[in-house]
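Engineer: Quick one, structure for this:
(one chain, ligands or ions: 1)
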Amino acid sequence: MDSEMLNRHYSLLPETYLFSRIAQKIAAYRERHPEREVIRLGIGDVTRPLVPAVIEAMHRAVDEMATADTFRGYGPEQGYDFLREAIAAGEYAARNIDISPEEIFVSDGSKCDVANIQELFSPDCRVAIPDPVYPVYLDSNVMAGRAGEPLADGRYSRVRYMACGADNGFQPEPPPPDTRLIYLCSPNNPTGTVLTRATLEKLVAYAQEIHAVILFDAAYADYIRDDALIHSIYEIPGAKKCAVEFHSFSKSAGFTGVRCAFTVIPREMETLRRMWLRRQTTKFNGVSYIVQRAAAAVYSPEGRRQTRAVIRSYMDNAATIRSGLQQCGHTVFGGEHAPYIWWQLPSGIKSFDFFDRLLDKCAVVGTPGSGFGPGGEGFFRLTAFGDPGRTREALRRIAAMTE
Ligand code: MLT
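Structural biologist: Predicted coordinates:
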């Protein structure tokens, strides 16, 4: 095939997506050591089953699909009213935030939405991302030709990197004033830390001043243990004029394999809201009725109670990982309001080398910090989504290795 006809920006990407590269390494290790039980604390994938309220709703919806009277074909691309209303009430009205169902777009995942949203913006827009960062924000902009050329240090020439590390308490400074898109994620993937109200107030005021749009990924909001912390960017005055918010049922209700999420574009950003509606109605045929019924059940009293219990059990794992590493004398961040623990490696150790060492010596999988950008070098991410027994066993193996 003539290379001239291909999108040349794909050639600027790392060869494989971070988690595909890790999956390849695990597969190779398993082939070499079929006898060893590998404990996976790498990709943030849930392990607990769907809660009973969700399963019951799915079963009822399946039965509806079995008779002509209640069968459904194509649904509305932006989601059924019953789910958009449940989200508006359960997610927003419950926090005294006024978001209407028309501002909510149901989709099959936040990963797709955060990757696709950039196509509403001009290729010239300057983009700011935290460093380290969930790779999808960056890679989707590289694919669109907005990131410029790759540099020797792993960065891209046109991207603004907002440092988020221990030095600044994981609170990014506003990017230069010609920035048009600002990606934020809180609770954060990968660092497991949260943005403070003061940081968000500053960034929201700044975005309005420079006419930038904030793309706020709130996929882990349900892991926040302190009600005083910000769960939605719309708790910040002015955010409806400048921020799009992404939420997912993946981590809040175990839907990584079921697929359901939603994106909020407020009426205050009407042009963008209409563009997204136009995009979704053209390129997307909606989430299945069965899955949307399952998602709506998350907002029932039993659904809430049951999903919160699952989240608590994952957060118990987070506490196990944090305290286990701290007892071995390690410095860790995150894991208090998020299912990720950001482990500072002893100085001089490269995170991909550490990945290989941990896999080789302990048969434990984590995610190398540098996979999330140059600012992640020297760190290692562990997830709390594992099984409690295996998580404890992983910590026992790590303690034995680092003793
Ligand atoms: C992760 O491990 O970072 C997550 O699984 C990412 C995702 O939700 O796509």
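Engineer: Next to the ligand, which bits of this protein? Give me the list.
Structural biologist: 43-45, 111, 134, 189, 250 (Cβ under 6 Å from any ligand atom). For every residue, glycine as well, the C-beta is placed using N, CA and C.
Engineer: Select only the buried ones of the residues you listed in PyMOL?
Structural biologist: Selection of buried members from the residues of the chain next to the ligand for PyMOL, criterion 16 or more other Cβ atoms under 10 Å:
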select buried, resi 43+44+111+134+189+250
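Engineer: which of the residues of the chain next to the ligand sit farthest apart?
Structural biologist: Largest separation among the residues of the chain next to the ligand by Cβ to Cβ: Asp45 and Tyr134, giving 14.2 Å.
Engineer: Could you pull out the strands in the stretch 201-350 of the chain for me?
Structural biologist: All strands of the stretch 201-350 of the chain, identified by DSSP state E, counting those that start in this stretch, fall at 213-217, 243-248, 261-264, 331-334, 340-344.
Engineer: Okay, helices next: where are they in the stretch 201-350 of the chain?
Structural biologist: 249-253, 270-283, 289-297, 301-327 (DSSP state H, counting those that start in this stretch).
Engineer: ok, the residues of the chain next to the ligand vs Ser140, which is closest?
Structural biologist: Once Cβ to Cβ is applied, the member of the residues of the chain next to the ligand that ends up nearest Ser140 is Lys111, at 9.5 Å.
Engineer: how about stretch 138-157: buried residues?
Structural biologist: Buried residues in stretch 138-157 (16+ other Cβ under 10 Å): 138-144, 146-148, 155-156.
Engineer: how many other residues sit next to Lys251?
Structural biologist: 26 (other Cβ atoms under 10 Å).
Engineer: Tell me which residue in the stretch 201-350 of the chain sits closest to the ligand.
Structural biologist: Ser250 (5.9 Å; Cβ to the nearest ligand atom).
Engineer: picking up where we left off before, would TSV of the strands of the stretch 201-350 of the chain with mean pLDDT and mean neighbour count be doable?
Structural biologist: Listed next are those as TSV, based on pLDDT from 0 to 100; neighbours: other Cβ atoms under 10 Å:
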stretch	mean pLDDT	mean neighbour count
strand 213-217	98	25
strand 243-248	98	26
strand 261-264	98	25
strand 331-334	98	20
strand 340-344	98	25
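Engineer: With mean pLDDT added, can I get the helices of the stretch 201-350 of the chain in JSON lines?
Structural biologist: Listed next are the helices of the stretch 201-350 of the chain as JSON lines, based on pLDDT from 0 to 100:
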{"stretch": "helix 249-253", "mean pLDDT": "98"}
{"stretch": "helix 270-283", "mean pLDDT": "98"}
{"stretch": "helix 289-297", "mean pLDDT": "98"}
{"stretch": "helix 301-327", "mean pLDDT": "98"}
